[in-house]
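# next comes the sequence, and after it the predicted model I'd like to discuss.
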Amino acid sequence: MQTLNCKAAAETANLNFEREVYFFLRKWVNQHEDETLLRFEQSMGEYLANNALRDFFLSAVHPLQQLLQHSAIAGHLGRDAAAAYFDPTSGDPLFAPFEQRIYNLARRMDSEQMDVPFRAIQSAKQTEAGDTADISTYPLDSEELRYNSGNHFTSRPANGNVFDENSSRCKTKSAGNLHVLFERGFLEDRLQDIKAIAVAAHDAGETELQFFVICSRHSITEGHFGASLVIMNPANPHFPERVLVCDTLLKELPQHPRWWNHFIAEYSNVFGDAVAEIVEDLSHPLQKVNIKGDDPFRHDWDCPYYVTSMTNALSDLVIVAPELIVNGSLQEIHNAMKALMPDYYLPNQEIKGREDIKQINRLKRWNSGAEVIKSLVADITRNSSYEV
């Protein structure tokens with residue numbers, strides 16, 4: 001529970017950050033007066049407050065990395081969630097004005113690596129200087145633009161940096177006959193990979209069952225994330241022994257999720273129509289169904305974190321209880337997964353309350369942004385050491 005003291009501490013940290021960026025920009029202007037294209041007739045103070053940061057991003061090589069070379073700036077951008085203050089209603093972090101501008105301007109760059117997850121608003125919703133535009137400035141006929149989950153930290157869609165972060169952690173569990181396929185692309189791509197690996201195992205004389213845990217988007221037409229576990233016997237590399245699929249929507253089992261037809265279609269494209277008879281629904285109803293007309297910040301766009309949790313749980317079960325995965329009932333496997341997903345399930349295997357889940361996902365979102373900042377700082381440190 002955040003307090004007024006937390007807010008006051010965040011405001012103080014933001015003021016200190018504003019000063020650091022101001023001094024940084026003044027030094028840059030003094031050294032690069034020929035690059036101050038947007039200064040026009042502004043005084044130095046007006047220019048620093050309004051357009052200097054945008055000029056810096058337009059003119060500098062790797063502007064975000066240059067900012068991160070300053071420890072005070074890097075420390076603030078990469079701070080722990082405990083040092084940030086989140087609005088108790090919307091969940092939006094309290095950013096310093098320059099900080100929000102940095103995230104927004106970085107998002108405009110032609111580099112996904114510079115897009116700090118969840119912290120920037122779409123370019124069309126920014127002012128020229130890089131501030132977040134007030135919704136009252138939107139065109140009168142832009143109802144869809146006004147009513148948009150992307151306006152809030154807690155409901156912005158994840159970018160590729162989040163996918164890569166989750167992928168790198170999950171894939172570390174690949175070993176032996178466990179293959180974790182957490183790649184960009186779509187489910188059918190991964191199923192073709194499985195078939196190729198199974199054929200290669202058959203040709204090599206492998207006899208051990210091969211376990212494949214997949215995390216991917218369903219298809220080009222349906223971008224929702226899902227997880228699967230496919231068991232292949234190398235003796236029969238063209239058809240699975242067992243297929244378990246996991247979706248995330250908040251519905252009571254044993255109803256199929258709304259994405260069920262996409263699972264079936266992709267599996268049928270690779271293994272033939274007969275595979276539909278063995279696909280089992282292992283969905284975990286974690287994701288809140290978005291209600292049209294509800295406040296956008298109440299929408300649930302945390303599918304990537306739910307699916308990552310399911311992918312990890314399936315991988316762990318293959319490692320610690322392969323017999324359960326091969327021969328266990330759907331309910332037994334479902335319950336075993338719950339025990340391995342403490343972020344979302346209580347010890348009694350009930351789903352945690354929505355507010356608790358929202359707070360957990362808000363922390364995950366913040367940490368994903370911090371990971372990108374820390375990765376950029378680490379790159380700077382490595383490059384500096386090579387230059388010495």
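Thanks, I have the structure now.
# domain ranges for the chain, per the record?
What automatic domain parsing lists as the domains of the chain is 4-155+367-387, 161-352.
# K358 is nearest to which of those?
Closest to K358 of the domains of the chain, according to C-beta to C-beta: domain 4-155+367-387, at 6.9 Å. Any C-beta I mention is one placed from the backbone N, CA and C, and that applies to glycine too.
# report the mean confidence score over the closest one.
Average pLDDT, domain 4-155+367-387: 90.
# ok, now which ones touch the residue nearest the centre of the chain?
Closest to where the C-alpha atoms of the chain average out (C-alpha atoms, centre = their mean) is V162, at 3.2 Å. Residues in contact with V162 (C-beta atoms under 8 Å, 6 or more residues apart in numbering) are P117, P304, S368.
# now swap in I291 and tell me
Neighbours of I291 in contact, by C-beta under 8 Å, 6+ apart: R298.
# S90 versus that one, what's the distance?
17 Å (C-beta to C-beta, to the nearest Å).
# low pLDDT regions in the stretch 251-388 of the chain?
For the stretch 251-388 of the chain, applying pLDDT under 70 flags the ranges 251-255, 257, 384-388.
# what segments of it are strands?
Applying DSSP state E, counting those that start in this stretch to the stretch 251-388 of the chain gives strands spanning 279-281.
# that one: helices as residue ranges?
Secondary structure of the stretch 251-388 of the chain (DSSP state H, counting those that start in this stretch): helices at 260-271, 303-320, 322-327, 330-339, 354-387.
# ok, the residue nearest to A10 when sequence neighbours are not counted - how many residues close by?
With sequence-adjacent residues excluded and distances taken as C-beta to C-beta, 6 or more residues apart in numbering, A10 is closest to Y85, at 3.7 Å. When neighbours are counted by other C-beta atoms under 10 Å, Y85 registers 22.
# need the contact list for Y85.
Residues in contact with Y85 (C-beta under 8 Å, 6+ apart) are Q2, C6, K7, A9, A10, E11, P93, L94.
# which residues sit in contact with the closest residue to E241 other than its chain neighbours?
Leaving aside its sequence neighbours, E241 sits nearest to I231 (C-beta to C-beta, 6+ apart; 4.3 Å). Residues in contact with I231 (C-beta under 8 Å, 6+ apart) are L209, Q210, F211, F212, P240, E241, R242, V243, I325, V326.
# so how far is L244 from the last one?
Okay, so that is V326. In terms of C-beta to C-beta, V326 sits 11 Å off from L244.
# the more surrounded of those two?
Between V326 and L244, L244 has the larger neighbour count (other C-beta under 10 Å), namely 23 against 13.
# that one should be in a strand, yeah?
Yes: counting by DSSP: H, G, I helix; E, B strand; the rest coil, L244 is part of a strand.
# three-state assignment of the residue in the chain sticking out farthest from the centre?
Most distant residue from the mean C-alpha position of the chain: E41, 42.4 Å away (C-alpha atoms, centre = their mean). Secondary structure for E41, judged by three-state DSSP, is coil.
# how close does it get to L53?
Going from E41 to L53 by C-beta to C-beta gives 19 Å.
# could I get the phi/psi values of the residue nearest to V318 when sequence neighbours are not counted?
In this structure, V318 finds its nearest non-sequential neighbour in F211, 4.5 Å apart by C-beta to C-beta, 6+ apart. Dihedral pair for F211: phi -110, psi 130, per degrees, to the nearest 10.
# much appreciated, bye for now.
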